[in-house]
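In: just to be clear, the model below is a prediction. Sequence and coordinates:
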Amino acid sequence: MNKIESLSDLFNLVDCDVSYYDLGRNITKITPQQAIQFDRKQQAYPFPFRQHAWLACLLKLKKSPSTAAAQKDAIDSSVIWFLKLPLDEAGCLNLGTRDHFIKSIVDKILHKGEAAGLSEALEDSPYAFKPDQERMASFHAILGKDLHQTASHYFDDVVQYLTSDLTKQDDRWQTLGLQGIAELAARVDEDKYQALIQKAIQQAANPVASALCHALEHEILPSQLQNTLIAQLQTEQDALLQASYLRALSRADLNDTLLLPLFGLLGSLTLCSDEDIHRMVALAAKCPHWLGQNPQLLRIIMEKLAHREDGYIAFKQIAAELSQHPETKQPLWALLRGGHVSPKLAQAVSYLFTQTPKSVQ
């Protein structure tokens, strides 16, 4: 048997094609070149999140079925692995852990046969994870579009709902499936659905608008839709919905059109309500690249957190989150170790360095 030194070696062993998707901060398809580079430790993992690689691996046996029916069976029998693999200090795959993972499943694949082994390989594995309901719906929507599959009946229900007259008090949304909302978001690049998405954000019941925004965080949005979300951000009073708008905008460029409303949204340095926390968690978790690009935004968030009377709980959690992201790690430590901070922030920093570090849950 050839020595197995990478994930690709493992999949080649069982004559299996693999497509990788990152499911960390956003859902992103990983290019073949990126896959080779991180798998062979030639480059850091391109989408680190909480010091792990969160991978969805779509596995297909290479053997070509001879009949149309057999080809359909092969597609239906494709296996998806959800893997959570730790990264080292350089942001690369931890090779010891990766090799332990490979060793732990290779026997299952070799002894149970290819199909059964692939489908059962992650049972009881410490490296497996289960995406939450929203993320699973978005992943299936993105995967279905990439594979040119037809949309589900849930999508038709959402389209029918949005083409009707809407009011915020309309309760018909309660019959809609999350899968259909995710499939609409995955089609944001199609002109005929952009108008429905605009309408949903502006007119649909809040739960629909919020779920749609959470699905849109995985997409590159057209400029008109970005402008709609920014306008909604400035007029909306509900903090949870504002956080949803921020999530939907998380892949947008940080320009003046977006930056000025963000400063207005954050407000005073010395006040930090529970509503502020919703907005700042969205920024830290989904938009850390904005904070890395604009140190003033980062400073406002850390100052506000330091002024909360909560025993520095929120301060510690968000500081831990930002310290693990490559774009905010250095700006954060430059801020916390610099001399131009308020006494409150200096006190919070002192507390941070005298406590046992805890990871964000």
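Out: Sure, I can see it.
In: rest of the way, CA atoms for contacts and neighbours
Out: Noted.
In: pull the longest helix from the chain.
Out: Across the chain, the longest stretch assigned as helix under DSSP state H is helix 95-112.
In: who's in contact with that one?
Out: Residues lying outside helix 95-112 but in contact with it, judged by C-alpha atoms under 8 Å, 6 or more residues apart in numbering, are 5-7, 10, 14, 85-86, 116-118, 120-122, 127.
In: same question, stretch 189-209
Out: The set of residues that contact stretch 189-209 without belonging to it, under C-alpha under 8 Å, 6+ apart, is 159, 162-163, 166-171, 173, 181, 184-185, 187-188, 212-213, 221-222, 225, 228-229, 232, 241.
In: separate out the buried members of those.
Out: Those of the contacts of stretch 189-209 that meet the buried threshold are 159, 162, 166, 173, 181, 184-185, 187-188, 212-213, 221, 225, 229, 232, 241, by 16 or more other C-alpha atoms under 10 Å.
In: before we move on, the earlier item: least confident pick among the contacts of helix 95-112?
Out: Comparing pLDDT over the contacts of helix 95-112, the lowest score belongs to Ala116 (58).
In: residues in contact with Ala243?
Out: Taking C-alpha under 8 Å, 6+ apart, one finds 278-279, 282 in contact with Ala243.
In: pick the one among these closest to Ser268.
Out: Of all the contacts of Ala243, the one sitting nearest Ser268 is Arg279; the distance, using C-alpha to C-alpha, is 13.6 Å.
In: give me the buried positions along the strand ranked longest in the chain.
Out: If each strand of the chain is counted by residues according to DSSP state E, the longest one is strand 52-61. Neighbour counts using 16+ other C-alpha under 10 Å place 52-61 of strand 52-61 among the buried residues.
In: picking up where we left off before, tell me the most packed of the contacts of helix 95-112, by neighbour count.
Out: Across the contacts of helix 95-112, neighbour numbers were computed from other C-alpha atoms under 10 Å; Leu118 holds the maximum, 25 neighbours.
In: go ahead and confirm that one touches Ser78.
Out: No. Under the criterion of C-alpha atoms under 8 Å, Leu118 makes no contact with Ser78, lying 9.2 Å away.
In: ok so, going back, can you list the contacts of helix 95-112 in CSV and add secondary structure and distance to Leu246?
Out: Supplementary listing: these in CSV, determined by DSSP: H, G, I helix; E, B strand; the rest coil; distance: C-alpha to C-alpha, whole Å:
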residue, secondary structure, distance to Leu246
Glu5, coil, 41
Ser6, coil, 37
Leu7, helix, 35
Leu10, helix, 39
Val14, coil, 43
Leu85, strand, 28
Pro86, strand, 28
Ala116, helix, 42
Gly117, helix, 42
Leu118, helix, 38
Glu120, helix, 38
Ala121, coil, 38
Leu122, coil, 35
Tyr127, coil, 31
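In: list the contacts of His153.
Out: Taking C-alpha under 8 Å, 6+ apart, we find His153 in contact with Gly180.
In: quick one, domains of this protein?
Out: Per the record's domain assignment (automatic domain parsing), the chain is made up of the domains 7-131, 132-240, 253-361.
In: all strands of the stretch 201-350 of the chain, in order?
Out: The residue ranges that make up strands in the stretch 201-350 of the chain, judged by DSSP state E, counting those that start in this stretch, are empty, as it has none.
In: tell me which stretches of it form helices.
Out: Counting by DSSP state H, counting those that start in this stretch, the stretch 201-350 of the chain has helices at residues 206-216, 223-235, 239-248, 256-266, 274-286, 288-293, 295-306, 313-323, 329-337, 343-353.
In: export the shortest one to PDB, keeping only CA atoms.
Out: As requested, C-alpha coordinates have been extracted for helix 288-293 and formatted as PDB (Å, rounded to 0.1, in the frame of the first residue of the first chain):
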ATOM      1  CA  PRO A 288     -13.500  41.000  11.200                       C
ATOM      2  CA  HIS A 289     -11.900  42.100   8.000                       C
ATOM      3  CA  TRP A 290     -13.600  45.400   8.300                       C
ATOM      4  CA  LEU A 291     -12.200  45.900  11.800                       C
ATOM      5  CA  GLY A 292      -8.700  44.900  10.500                       C
ATOM      6  CA  GLN A 293      -9.000  47.600   7.800                       C
END
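In: right, I'll leave it there.
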